[in-house]
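> Next comes the sequence, and after it the predicted model I'd like to discuss.
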Amino acid sequence: MKSSRPGILLPAALLSAVIVPQLGLGLMTPTVAKLAEEFRVPHEAIQETFVVYMIGYALSVVLAGILADRIGARRVQISGLLICAAGCLLAALSDSFYLFAVARFMQALGGCVGTVTTRLIVKSDYPESKRLRILTTLASAIALTPCIAPLLGGMLLPSLGWRWMMGGVGMFNLAALVLFWQVDTSPGASDSTGRSIIAVYAANFRNADYLAYAAGISLVWMSYFVFLSCSTYALQTELGMSSLGYGAVISLCAVGYVIGSTLARALSARWALNEILLLGSRVGMAGCMLLGILLSVFGSVLPALLIPMVLILLSVGMVIPATQAGLLKSVSRDIGISSGQFFFFQMAAGAGYGLLVSSFSELGVRGLALFIAIPIVVLFVFLNMSRALSKSPDEQLKAVSRT
């Protein structure tokens, strides 16, 4: 029997849904070398499957935003989880590289709808006084998953192998599907203005603040995604790290993301939105400068990359929730469609940049550092040397805690 109001099952369902995208991405980062060996393809080809995942992610959020307004967020979420589970099963059974790539696309296309649907469900099913608590919990889960997933992948790979790991992700999706099947969610009051999808997209392209926030989240995601998807050669081949050690490094760096996200929420009561974004960009710039200095002085050694990356991901952790808060502030209607467009920009930017970087074979530590730093430097220039965002004095970052 389904629950008719938020209880224990609905928060559990929402938590599982927001974990799915990062779990599908982070758990597989330590498997690149093993996949390349098994499918007999270069490392760069396996890295490009992460780009395929991002393309699926980008299409997923767009479709989720559109379909949620028509058939409801819960139905979109259930359908997405079913597609994701099928993609995981297909990947686990793949006997060719191309079939594996198609399966990864399916996994992302279905599993990543929660990026949009969970926020819409919270908006419709929770009174405003209770939204802060659940959204903060979801934000914490999103932040913690990149810290745990790569390390977990590195630990499980030697004993289980990547096929059983992928099967386990599929089972997790099915468990999340069962949770959503057991709860009813309210369709809520629609915020649609009746405009066509094209009209909503066009209006957002004329919204300078919306575009600035979308640019901010896209730039930091480009840097983070390249670190996740294109660091295999630098860390495992050049520095000789094991899959477990590689996963541990990715997880340790992601701790910076958690700290940055926590810091942004802590400052939200006193600082304006743009002040948080400026601080985040300056922290990231400091990390890039430190990265260049340490690599120049000590060469391509792990600490020279690891220490600055924690600082850079701290910047990422500050900027992502702040820009998501900016999305909610800059758009008041057609939020489902606008959110899909916003997250599409983010994922498409990551996919395009990742595809560019993955084209460089045998990308060592110095090359990886350069491609990680470029988007962060661009963000610093964009926010600190331009009037990219409106400077209203009453723009407070309280909304950050709700993302």
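Looks like it came in fine.

> What ranges does the stretch 51-200 of the chain have for its helices?
Under the criterion DSSP state H, counting those that start in this stretch, helices of the stretch 51-200 of the chain are mapped to 73-92, 97-111, 114-125, 128-181, 197-205.

> average pLDDT for the helix or strand following the shortest one?
Sequence order places helix 208-229 as the next helix or strand after helix 197-205, per DSSP states H and E. Per-residue confidence for helix 208-229 averages out to 92 on the pLDDT scale.

> Next, the buried residues of helix 208-229.
209-229 (16 or more other C-beta atoms under 10 Å). In this view, the C-beta of every residue, glycine as well, is placed from N, C-alpha and C.

> how far out from the middle of the chain is it?
Taking C-alpha atoms, centre = their mean, to the nearest Å, one finds helix 208-229 lying 10 Å from the centre of the chain it belongs to.

> for that helix, packing partners?
In this structure, helix 208-229 makes packing contacts with helix 43-71, helix 197-205, helix 243-267, helix 273-298, helix 302-330, helix 335-358, helix 365-384, judged by 3 or more C-beta pairs under 8 Å, 6 or more residues apart in numbering; DSSP states H and E.

> quick one: pLDDT of Ala36?
Ala36 is given a pLDDT of 90.

> Could you number the chain from 6 rather than 1 from now on?
Right, with 6 as the first residue, what we last looked at is Ala41.

> Pop out the phi and psi values for it.
When read as degrees, to the nearest 10, the backbone of Ala41 gives phi -60, psi -40.

> which residues touch stretch 14-21?
With contact meaning C-beta atoms under 8 Å, 6 or more residues apart in numbering, stretch 14-21 is reached by 8, 123, 126-127, 130, 139, 142-143, 146, 177, 180-181, 184-185, 187-188, 190.

> Mind checking which of the residues you listed are buried?
Listed as buried from the contacts of stretch 14-21 are 123, 126-127, 130, 139, 143, 146, 177, 181, 184-185, 188, 190; burial here means 16+ other C-beta under 10 Å.

> can you tell me which of those lies nearest to Ala41?
Phe177 (25.1 Å; C-beta to C-beta).

> residues in contact with the closest one?
21, 24-25, 28.

> ranking those residues by neighbours, who comes first?
Most neighbours among those, by other C-beta atoms under 10 Å: Val25, with 27 neighbours.

> tell me which element it falls in.
Val25 belongs to helix 14-31, assigned by DSSP H and E.

> Next, the angle from that helix to helix 119-130.
170 degrees (axes from the mean of the first three to the mean of the last three C-alpha atoms, to 10 degrees).

> thinking again about what came up before, dump the helices and strands packed on helix 213-234 to JSON lines, plus mean pLDDT.
Output for the helices and strands packed on helix 213-234, formatted as JSON lines (pLDDT from 0 to 100):
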{"stretch": "helix 48-76", "mean pLDDT": "88"}
{"stretch": "helix 202-210", "mean pLDDT": "90"}
{"stretch": "helix 248-272", "mean pLDDT": "86"}
{"stretch": "helix 278-303", "mean pLDDT": "94"}
{"stretch": "helix 307-335", "mean pLDDT": "89"}
{"stretch": "helix 340-363", "mean pLDDT": "89"}
{"stretch": "helix 370-389", "mean pLDDT": "94"}
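
> So for Thr36, which of those sits nearest?
So among the helices and strands packed on helix 213-234, helix 248-272 is nearest, using C-beta to C-beta, at 7.2 Å.

> what helices or strands is that closest one leaning on?
Helices and strands touching helix 248-272, as assessed by 3+ C-beta pairs under 8 Å, 6+ apart, comprise helix 133-186, helix 213-234, helix 278-303, helix 307-335.

> Remind me what the helix or strand that comes right after the second one packs against, helices and strands.
Downstream of helix 213-234, the next assigned helix or strand under DSSP H and E is helix 237. Judged by 3+ C-beta pairs under 8 Å, 6+ apart, helix 237 is in contact with helix 48-76.

> Minimum distance to Ala259: which of the helices and strands packed on helix 248-272 has it?
Closest among the helices and strands packed on helix 248-272, using C-beta to C-beta: helix 133-186, at 4.1 Å.

> In contact with Gln52: list those residues for me.
Applying C-beta under 8 Å, 6+ apart, we find Gln52 in contact with 37, 234-235, 237, 359, 363.

> Distance check, it against Cys235.
6 Å (C-beta to C-beta, to the nearest Å).

> Can you give me the buried ones in stretch 351-366?
In terms of neighbour count (16+ other C-beta under 10 Å), stretch 351-366 has its buried residues at 351-360, 362-363.

> quick one: which two of the contacts of Phe177 are the most distant?
For the contacts of Phe177, the farthest-apart pair by C-beta to C-beta is Ser21 and Leu28; their separation is 9.5 Å.

> on that earlier part again, I'd like the helices and strands packed on helix 248-272 as TSV, with distance to Leu268 appended.
Converted to TSV, the helices and strands packed on helix 248-272 look like this (distance: least, C-beta to C-beta, whole Å):
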stretch	distance to Leu268
helix 133-186	11
helix 213-234	15
helix 278-303	9
helix 307-335	6
